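Enquirer: Mind folding the following:
(2 chains, ligands or ions: 1)
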Amino acid sequence: MPGSDATSCGILRVVAGAEQTEIGTGVQGMSDVRTGVYVCHCGSNIAEKVDCARVREFASELKNVVVARDYQYMCSEPGQELIRQDVEKNGINRVVVASCSPRMHEPTFRKTLETAGLNGYLLEMANIREHCSWVTTDREAATEKAAALVAGAVARVAFHEPLEERFADLKQRLLVVGGGIAGIEAALKVAAGGYQVTLVEKEPSIGGNMARLDKTFPTLDCSACILTPKMVAVAQSENVTLYTYAEVEKVEGYVGNFQVTIRQKARSVDTSKCTGCGVCYGKCPTRVPSEFDAGLGTRKAIYVPFPQAVPNKPVIDREHCLQFTKGKCGVCARFCPTGAIDYEQGDQLITEEFGAIIIATGYETWDPAAAPQWGYGRYDNVLTAMQLERLVNAAGPTKGKIQLQDGSTPEAVAILHCIGSRDENYHRYCSRFCCMSSLKLAHLAREKTGAEVYNFYIDLRAFGKGYEEFYNRVQEEGVHFIRGKGAEVIRKDGRLAVRAEDTLLGRYREVPVDMVVLNTAAVPRRDSEKVGQVFGIQPSPDGFFLEAHVKLEPLKTATDGIYIAGCCQGPKDIPDSVAQGAGAASEVLSLFAAGKVKISPVVATVDSQLCSGCRVCLPLCPYSAISYDEVNRTAYVNEATCKGCGTCVASCPSGALSVRHFTDEEIIAQIKEVLAV
Amino acid sequence: MMAAFEPKIVGILCNWCSYAGADLAGISRTKYPANIRIIRVMCSGRVDPTFVLQAFAEGADGVLVSGCHPGDCHYQEGNYKTYARAEILEQLLEQMGIEKGRFRLTWVSANEGEIFASLVSEMVEEVRALGPFRPTRERFAELQATIGREVAPAAGAGGEGND
Ligand code: FES
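Expert: Below you'll find the predicted structure:
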């Protein structure tokens, strides 16, 4: 391998580097470093592009390397055993594993070292899979790159010191954000374990989107019937504190110890006095389109969103209430039998501490008014799926009657799948539950009106338990299926018509109907970006929250102690949301049961000999972990609050700050060696 | 001059966004040139400007520093500090006569694997067009002074390096 001489590094060479590196590292007798290098084939994942034997040979000649091996699967038991054997027989005290990303297997190999009696931090991984074999076309180039990465890791690991993980106390209290089915499930499960749970919901009631649905597929259970007992259980649980009409404003701290500020928006109703009798909204003179009914019905300016709301206590919508807009009305206050109306009430900020957070903020549906071709907002009787859902519902604006704008019953209904989903122009992803909800709505429309129902679909994805059977049933009920996406909705002869290319018949069709239902994409909530920033979690390319690992850690986020569940992670149906809610609860329960959290020993340190006491670092720390010691006139780091980002280190003018495991010496040694190959 | 000059680029990436973005490029099997060597730091805020200078001194033809998008830093605001420092660093590099294209500070999130790949491809081409980084004696002395280490030209300084 060219450039394998570790001292020659291209154009320049650090001559006095070695001496410099000894300062302050605490590593005595660097000559004692005995490194083992393990090059993983990862089956063919690495070996196909990287000549692992050559990398091993190259590694064996690097400084401090006493043994170098290549092996099929280093993460397998026999692979790990190789390391253990070398610790025992060859006395290695540093380990380099060249395999996948450390974000994947660093914990695995740290354990391996520990079971071999070595400190887990004496490991360095060279990422020759994600950063090399998987992204490189040319085998020669990939092999050379792998060698460079290994050289860097070998140089760096020499400086690694044994570090002790510490444990911090943990608040065994959970915050759940979002009171839809996923959040409710999570809250109930953790509360049942005996832990305190606070559930924060932005709307005046919990229940989320599920509360708005009429029936659920494929069993056609009434959605409210299966949801409301859980909502009531939340209200009744001694372990759950519920804040509705509230939002999380600020999150500080870290796993085990989050400080959270919750804004309880002014309800204008004193809930301790309110009995939920409903006189106020009976008397309120102001009507506003109902959000809960997807704009089809109206509610009052003082309202509960739906009859089974939890809590069953109204809020005043100050944007529409005459008392607030015109300064006069006062009807609700006059009629309230308990004097619960409070126009003066202000927002309240509540600060609480939590050990873990579950985010279950759900989804909303895409507004098809953005795409005029489907006629929504332009023609009467073009509805969204949620609007039909509300029409079918016995508690909805028409008391369960599916009717046209003029009050008559439709004779033909078209249901258009994938509106705004699986569409390059809007959202590329599949919204997952719309096929099945379209089938359900087709069934309900046919059952309730006897109308001819036409489903326009691209593909039918009946993926779940009992779903294919339900599809068959709906077919047998005489619903028409047209394989072709509804391309356009037009007005013709006083009715509506749907245009589509029937890809089974291979011809263009125009189907006259009285009502068109657009099953639109599930999209991230409009404030999800803000929510992400408050909690420090990232979105996926589709805007839904990003999980730590798409397959193996679907409920964790990149931030320890913050979990996601339900549709905020991506569109999913009720069974999957419930499963995720329960799954996130189980993550939290294991965290709480452990009773302590591990804190990383990767923190900043101050060499008081070098510190000039300039205090440049103090304001740089986002965690206020650095303080100034007036007596010694130096900075010092509170290890319990330091998160080890190293921002202070990079700013220290006297080189007094360092951060364990990411010292200047380590990084510079790595830079030097990756360039030497 | 070699027929094909293959630039060496050091990428210093934060663990939470950019390193994860580079991982995603791999997981998605998005191809990009092998010229980059990635080094992981916990936060882009850890990147001491001298790392960048050191990398040039050690023979890098280009240096990429990448962190989370503004507002997304895992440690709240490390990347703002990086940004502020990079501005000064860029001026310094300019004074030293180090061409603009050789240093880049970017924001790549954990889901921007494709963006990371195209960014690397783009930078490799840009640096390739600039040619090998060969510091003159004076510039070299400046680098040496800035890094505060004794740095001496290796045999054949000003040559092609040894690849
Ligand atoms: S963690 Fe990515 S820039 Fe700070």
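Enquirer: Now residue 36: phi and psi?
Expert: With no chain named, the answer covers chain A. Torsion angles at A:G36 (phi, psi; degrees, to the nearest 10) stand at phi -110, psi 130.
Enquirer: residues contacting it?
Expert: With contacts defined as CB atoms under 8 Å, 6 or more residues apart in numbering or on different chains, A:G36 is in contact with A:65-69, A:83, A:86-87, A:90, A:92, A:94-96. All C-beta spots, glycine's among them, are computed from the backbone N, C-alpha and C.
Enquirer: From the residues you listed, list just the buried residues.
Expert: Buried by 16 or more other CB atoms under 10 Å in any protein chain shown: A:V65, A:V66, A:V67, A:A68, A:R69, A:I83, A:D86, A:V87, A:I92, A:R94, A:V95, A:V96, out of the contacts of A:G36.
Enquirer: Beyond whichever strand or helix holds A:Y38, next helix or strand please.
Expert: Using DSSP states H and E, the element containing A:Y38 is strand A:35-40. As assigned by DSSP H and E, the chain's next helix or strand after strand A:35-40 is helix A:52-60.
Enquirer: tell me which residues in that next one are buried?
Expert: Within helix A:52-60, the residues that qualify as buried are A:C52, A:R54, A:V55, A:R56, A:E57, A:F58, A:A59, counting by 16+ other CB under 10 Å.
Enquirer: Out of these, flag the one nearest to A:Y281.
Expert: Proximity of the buried residues of helix A:52-60 to A:Y281 (CB to CB) peaks at A:C52, which lies at 72.0 Å.
Enquirer: In this structure that closest one contacts A:V39, no?
Expert: Yes: under the criterion of CB atoms under 8 Å, A:C52 makes contact with A:V39 at 4.8 Å.
Enquirer: what is in contact with those two at once?
Expert: Taking CB under 8 Å, 6+ apart as the criterion, A:C52 and A:V39 both touch A:I46, A:D70.
Enquirer: Tell me the bridge partners for residue 38.
Expert: Answering for chain A, as no chain was given. Counting by DSSP bridges, A:Y38 is bridged to A:R69, A:V97.
Enquirer: please go with chain B instead
Expert: Under the criterion used (DSSP bridges), B:I38 bridges to B:G11.
Enquirer: which residues does it contact?
Expert: The contact partners of B:I38, by CB under 8 Å, 6+ apart, come to A:N127, A:H131, A:L149, B:G11, B:I12, B:L13, B:Y19, B:A22.
Enquirer: Find the nearest non-adjacent residue to the last one, please.
Expert: The reference is to B:A22. B:F116 (5.3 Å; CB to CB, 6 or more residues apart in numbering or on different chains).
Enquirer: Assign the residue nearest the centre of chain B to helix, strand or coil.
Expert: Centroid-nearest residue in chain B, with CA atoms, centre = their mean: B:V63, separated by 1.4 Å. With DSSP: H, G, I helix; E, B strand; the rest coil as the basis, the three-state label of B:V63 is strand.
Enquirer: show me what contacts it?
Expert: Going by CB under 8 Å, 6+ apart, B:V63 touches B:I9, B:V10, B:G11, B:I12, B:V52, B:A55, B:F56, B:R102, B:F103, B:R104.
Enquirer: measure the fourth one to A:F470 for me?
Expert: To A:F470, B:I12 is 54 Å away according to CB to CB, to the nearest Å.
Enquirer: same question, the first one
Expert: In this structure, B:I9 lies at 55 Å from A:F470, with CB to CB as the measure.
Enquirer: The two: which has the busier surroundings?
Expert: A direct count of neighbours by other CB atoms under 10 Å in any protein chain shown for B:I9 and A:F470 places B:I9 higher, at 23 against 19.
Enquirer: for the nearest residue to A:P541 once chain neighbours are set aside, what are its contacts?
Expert: Among residues not flanking A:P541 along the chain, B:N111 sits closest, at 4.8 Å (CB to CB, 6+ apart). Counting by CB under 8 Å, 6+ apart, B:N111 touches A:Q538, A:P539, A:S540, A:P541, A:L546, B:G21, B:L24.
Enquirer: Quick check: which element contains the fourth one?
Expert: Meaning A:P541. Per DSSP H and E, A:P541 falls between elements, in no helix or strand.
Enquirer: thinking again about what came up before, which one (most neighbours) among the contacts of B:V63?
Expert: Of all the contacts of B:V63, the highest neighbour tally under other CB under 10 Å goes to B:A55, namely 31 neighbours.
Enquirer: Which residue comes closest to it once chain neighbours are left out?
Expert: B:V10 (4.4 Å).
Enquirer: Against A:A497, how distant is that neighbour?
Expert: Counting by CB to CB, the separation of B:V10 from A:A497 is 62 Å.
Enquirer: Same question for A:C652.
Expert: Applying CB to CB, the value for A:C652 to A:A497 is 72 Å.
Enquirer: on that earlier part again, and the strand holding A:Y38 with helix A:52-60, angle?
Expert: 170 degrees (axes from the mean of the first three to the mean of the last three CA atoms, to 10 degrees).
Enquirer: Roughly how far does the residue nearest to A:A211 when sequence neighbours are not counted sit from A:P575?
Expert: In space, and not counting its chain neighbours, A:A211 is closest to A:L227: 5.9 Å by CB to CB, 6+ apart. A:L227 sits 13 Å away from A:P575, taking CB to CB as the criterion.
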